[in-house]
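1. Predicted model, plus sequence, below.
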Amino acid sequence: MSNIYESERLLNEYLLFHYGSPTEILPWDFGPVEALGFAERSVNLLQDRMLIAAQGAAALDLGCAVGRSCYELAHGCERVIGIDYSQSFVNAAEKVRVSGELPYQQHIEGREIRELIAKRPECGDASRISFEQGDAMNIRADIGNFDVVHAANLLCRLPEPQKLIQRLPDLVKPGGQLLLTTPCTWLEEFTPSQNWPQGSTFEWLKESLSGSFELAEQVDLPFLIREHARKYQWSVALGTRWVRL
């Protein structure tokens, strides 16, 4: 799998997406402000913290990108592992975690850039979090299982998403939570068309997960990725929470 997410441009975009302030991302007086803060909302609007009762609870963030959601998971879990296929994303996430900040560049337009700093969130205990490079379709066998597994906007970026779906029952403890979001953007450049769902992504997920999970929540989660000052990607992810049977 070739990885376009190793580029400097996408690294900067995702640092802004995860750590940028609302005014840094969307300086206009108008615009979809409800789509900001997706990395936090994809955890907080889906997770049921009342279900995390075990001492020493653990969470896994698959496709963690540059790591912002891990801090939300660290609220209720004492151990959080963030995994991403992009080594540059993992390196950036670790620098923010260890150093507390990471300089990056925001594209304004043309050759114009702005220097920004990604700052470690005050919420969540950074000492509880670790990051590693890995493939969500081939997660290391000794990783164990978790009280919470979070996978935001990952499925439709995998060449063989069914490989992850088949592994999920082993990754989530009985009674644990699986938090999935996807914009259902199936593209040949990421996933061969023969590996796309035959119909709706939601129906495919219900069929694929029904033997091991019970659907507990479904929400629509808008998100906004800024490319430059006058160009944005506005999308609506399908958000679901599943409880392991």
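-> Sure, I can see it.

2. Dig out what the residue nearest the centre of the chain forms beta bridges with.
-> Centroid-nearest residue in the chain, with Cα atoms, centre = their mean: Ala152, separated by 3.5 Å. Legend: beta-bridge partners of Ala152 under DSSP bridges are Thr181.

3. doesn't Leu178 make contact with it?
-> No - at 11.8 Å, Ala152 does not count as touching Leu178 under the criterion of Cβ atoms under 8 Å. For every residue, glycine as well, the C-beta is placed using N, CA and C.

4. which helices and strands does the longest strand that the chain contains pack with?
-> Of all the segments of type strand in the chain, defined by DSSP state E, the longest one is strand 213-228. Using 3 or more Cβ pairs under 8 Å, 6 or more residues apart in numbering; DSSP states H and E as the contact criterion, the neighbours of strand 213-228 among helices and strands are helix 8-19, helix 38-44, strand 101-109, strand 172-182, helix 201-209, strand 231-244.

5. want to throw the ones you listed into TSV with distance to Arg157?
-> Listed next are these as TSV, based on distance: least, Cβ to Cβ, whole Å:
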stretch	distance to Arg157
helix 8-19	12
helix 38-44	15
strand 101-109	22
strand 172-182	9
helix 201-209	13
strand 231-244	12
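
6. TSV please, covering those and showing mean neighbour count and distance to Trp28.
-> Converted to TSV, these look like this (neighbours: other Cβ atoms under 10 Å; distance: least, Cβ to Cβ, whole Å):
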stretch	mean neighbour count	distance to Trp28
helix 8-19	20	15
helix 38-44	22	18
strand 101-109	16	14
strand 172-182	21	25
helix 201-209	17	31
strand 231-244	18	10
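
7. Relative to Arg79, which of those is closest?
-> When the helices and strands packed on strand 213-228 are ranked by proximity to Arg79, the top entry is strand 172-182, at 12.9 Å, counting by Cβ to Cβ.

8. got any ranges where this structure has weak pLDDT?
-> Under the criterion pLDDT under 70, the flagged ranges of the chain are 1-2, 53-54.

9. Without its sequence neighbours, what residue ends up closest to Gly76?
-> The spatially closest residue to Gly76, leaving aside those adjacent along the chain, is Ile52, at 4.4 Å (Cβ to Cβ, 6 or more residues apart in numbering).

10. give me the number of residues near the one you found?
-> Counted with other Cβ atoms under 10 Å, the neighbours of Ile52 add up to 20.
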